[in-house]
Each structure stands twice: as structure tokens, then as C-alpha cells.
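Undergrad: sequence first, predicted coordinates after that:
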Amino acid sequence: MSVLRTAPDGGDREASEERLLDRLRDGDEAAFDHLVVLHTPGLLRLARTFVSTQAVAEEVVQETWLGVLRGIDRFEGRSSLRTWIYRILANRAQTRGVVEHRTVPFATLAGRELGEDFTAVGPERFLPADHDRWPHHWAAPPRRWDVSPEAALSHAETLRLVQREIAALPAAQRAVVTMRDLEGLDADEVCTILDLTAGNQRVLLHRGRSRIRAALEAHLAP
Amino acid sequence: MTTLPEMPCAEFVERVTDYLEGALSPDDLQRLESHLAACAKCALYLRQLRDTLELTGELRDEHLTPEMRAELRDVFARWRADRG
């Protein structure tokens, strides 16, 4: 199994991916199964940000894997294998969502969200611009949240809260936060997968993360 | 908000993601870090944001249903058969 271990970035990763691809092109089922186990849970989560039901998400993931297999001879390794697979998923899921009239293209969603006014923390929590000593400094500072065993929410409840908040995020922020903070993809990968500029990716990440922090503060601070 | 020589808290909370992403200009990085060193409230804010990321990461669930895995094996078998 050591050959299939996911190597860190760089030459190791490329070499181990190359071997995996060779085995896949040779029709090695174990190589495919390895990739499936590694990526399917994350692909399903991303698919769910584009389509409305788990059943449709599963279909999209199946189509993605078929797309991966059919495209495997054309994959040239310009991006990592993972980025390439996720990109196929994003394209399929969006096509599917649009066909089902359940969603508008991701670029449109992202554009809308980026055009909205946003503050990470309500402006009323800062001192006014004309404050003589501390303009724009905290008036109502962040409230410390209680994570002790006696806290209002148990750890499991806190995780459920985070999950609900992610689900409630606007779609583009949900996709970016899911890929970055849940799947652990890096910024460049997310930009490639979702066709976002580096700056817009950061803005969406910032808004999504800030909203989740605010919700945790609201629920966890005594 | 006009850019003040020292970074106020209201700016800090909007720049903190750029900071964590290593995307601040050297000037802004310096402004942010000197603010952070002096402001316990913003230091708490940053800790809460890091806690938020950690909690989000805990939601990662690697479970794959046996049904899905079996369906994908079928996808593979059909592809291999077509490929000849």
C-alpha cells in the first residue's frame, strides 16, 4: 500500500501520482478503489453545494468518476490529480444544477455575493470615526466563548452548529469554506476548481469564516 | 474607512483572513502585527477565528457507504470492459 500513500506536495506527490495513473490506465481496480475512497466523501460534499439532494449529488459523483476514467489518457499533470478530479466534479455539478433549474452558474452566484456589502462584525460594535481617542476600535469586544465541560453547548452540539452555519452560508462562500477548511485544499486548488481569482477566493473565504465565528460567538459566549 | 497609520480593530477584523493567507503587503503586515501585539481584544478575535477553522476541520467525515463504493466499482468495470 505504500506506493499508494498520498505523498506531500512536490516531487514525491508527482511520482506517486504518476505510478497511480499508470496502474489506472492499465485497468488496475485497486488503484481506482484507492482514489475513490480518498476523494469520494469530499466530492460528495462539494457536489451538495451545487445540487439540492444527496441522490443527485451521488449521481454527479458517479458521472465525475466516469469522466475521470474516460479522460485519464488525456490528463497531463498540469494540475494535481486531486485538483483535476474536483474540477471535473465542479463542471458536472454545475451543468446538472443549471439543467435542473436549481441553481445559476457558480460565477453568477460568486459575483452576487462579492457585490454585497459585508462586515465581519456589526459596525455598531466599534466606536465611531469621530471618537476622540479610539476611532474604529472595539466598543463591544468579542465575547469569550465557553468551551468547558459546563458550557451551554457540548462539543458535539458545537460541531452541529458549525455544520448548520456552513449549510446556511451563501453558495459560493459555502463551496470555498467547504473546500478550504473542511477538505483542506489549498487556495490555488480552489481557484482552479472554481475559476476564481486569488483575491475573490479570499473574500469569499473571509466572509464565510467570519459568519461562522459570529454564530459561534452568539451561541457559545455566556 | 481611511487608512490610519495604526490599524484600528474594525480594519483588523476585515484583514485577518488576508493575514492568515499571507496576502498582506509588507506595510499592512507590519500595521496588523503591531496592532495585534497591542490589542488583547483583537488577539482574542484571532484565536476565535482559529478555533472556528479547527472546528470546521473536525466535520471532515471520510465515510463512504458500501453502496456507493460498489456502484463505483461497477462504473470502473464497465469502463474497463469498454476500453477492451
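TA: Structure received. Numbering: from 1, shown residues only, chains lettered A, B, ... in the order given.
Undergrad: for chain A, which spans come out with low pLDDT?
TA: Within chain A, the stretches with pLDDT under 70 are A:1-11, A:98-103.
Undergrad: mind listing what the residue nearest the centre of it touches?
TA: The residue lying closest to the centre of chain A (C-alpha atoms, centre = their mean) is A:Met179, at 2.0 Å. Contact analysis of A:Met179 by C-beta atoms under 8 Å, 6 or more residues apart in numbering or on different chains lists A:Gly42, A:Leu46, A:Tyr86, A:Leu185, A:Glu189, A:Val190, A:Ile193, A:Leu194. C-betas here are computed from N, CA, C, even on glycine.
Undergrad: ok so it is a helix residue?
TA: Yes. Checked against DSSP: H, G, I helix; E, B strand; the rest coil, A:Met179 lies within a helix.
Undergrad: could you say which helix or strand holds the spatially most central residue of chain B?
TA: The centroid of chain B falls nearest to B:Leu53 when counting by C-alpha atoms, centre = their mean (6.2 Å). Here B:Leu53, judged by DSSP states H and E, is contained in helix B:40-58.
Undergrad: wait, does that helix contact chain A?
TA: Yes. Using C-beta under 8 Å from any C-beta of the partner chain, we find that helix B:40-58 touches chain A at B:41-42, B:44-45, B:48-49, B:51-53, B:55-58.
Undergrad: tell me the secondary structure for A:Ser52?
TA: coil.
Undergrad: could you report the neighbour count for it?
TA: Residues lying near A:Ser52 (other C-beta atoms under 10 Å in any protein chain shown) number 12.
Undergrad: quick one, phi psi at it?
TA: Here is the backbone geometry of A:Ser52 (degrees, to the nearest 10): phi -90, psi -20.
Undergrad: how far out from the middle of the chain is the helix-or-strand element of chain B with minimal mean pLDDT?
TA: Every helix and strand in chain B was compared by mean pLDDT, DSSP states H and E; the lowest is helix B:66-83, with a mean of 94. Relative to the centre of its chain, helix B:66-83 is centred 34 Å away, using C-alpha atoms, centre = their mean, to the nearest Å.
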